[in-house]
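>>> Model the following, please.
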Amino acid sequence: MIGNFDLSLHWVLDHEGGYVDDPKDPGGRTNLGVTQRTLAMFLWRDVTEQEMRDLTVTDVTPIYKKMYWDKVSGDTLPAGVDHAIFDFAVNAGVGTAVKRLQRIVGVEADGLLGPKTLAAVSENTPEHVIEELYKLRKVYYEGLPTFTHFGRGWSRRNKETREQALSLVG
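Sure thing, here's the model as predicted:
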């Protein structure tokens, strides 16, 4: 099951784009999908606007690996499920993504992806988990107050992530 991080990151970065500082985005200043707050937490220090503008894929790769892929146990999830949950974690937060996954597989939705969740995931087909995550993601986005501003992009991303994830199922 190890091996989809690089491809998943490539797809995530395609969705995330470059430098953005949209006043309607509650995440604030962002580059390559990494918010200024996330970068500051990763570096354990304040970060300037120029540092945000200068971010490269090389800079953000370890952030995505440590703060998202590893936290959703990407290397232990079935192919396809790994990408779907990783992309959702990047876009909505690890806890939100994991809780949705836990609801799908019928375990307590505590936001922590541990042995019980992993065992429950393995009792479902990857296709089922990916399809249900797609549906729950849609409901999640539609319930956000910024859906009118960002909804088209989120909906497209959700659909493309579903297609990408299904393409990984072997």
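>>> And the strands in this protein?
30-31, 34-35 (DSSP state E).
>>> who does the last one pair up with?
Applying DSSP bridges, strand 34-35 is found paired with strand 30-31 (antiparallel).
>>> Can you tell me what sits against the partner strand?
Outside strand 30-31, the residues that touch it by C-beta atoms under 8 Å, 6 or more residues apart in numbering are 16, 18-21, 36, 52-53, 55, 60. Where C-beta positions appear, they are placed from N, C-alpha and C, glycine not excepted.
>>> how about 10 Å then?
Applying C-beta atoms under 10 Å, 6 or more residues apart in numbering, the contact partners of strand 30-31 are 16-22, 36-39, 49, 51-56, 59-60.
>>> re the thing from before, most tightly packed of the strands of the chain?
Scoring these by mean neighbour count under mean count of other C-beta atoms under 10 Å gives strand 30-31 as the most buried, with a mean of 22.
>>> contacting residues around Phe42?
Phe42 sits next to 34, 59-60, 62-63, 66-67 when contact means C-beta under 10 Å, 6+ apart.
>>> By neighbours, which of these wins?
Neighbour counts for those (other C-beta atoms under 10 Å) peak at Val34, which has 23 neighbours.
>>> which residues does that one contact?
The neighbours of Val34, taking C-beta under 10 Å, 6+ apart as the test, are 16, 27, 42, 47, 52, 55, 59-60, 63-64, 67-68, 90.
>>> Let's see that with 8 Å instead.
By C-beta under 8 Å, 6+ apart, the contact set of Val34 is 55, 60, 63-64.
>>> now Ile104
124, 128-129, 132-133, 136.
>>> Run a quick neighbour tally on Gly114.
12.
>>> The nearest residue to Trp11 once chain neighbours are set aside and Ser8: what is the separation?
Closest residue in space to Trp11, ignoring its immediate chain neighbours: Gln164 at 5.3 Å, by C-beta to C-beta, 6 or more residues apart in numbering. Look at Gln164 and Ser8: by C-beta to C-beta, to the nearest Å, they are 8 Å apart.
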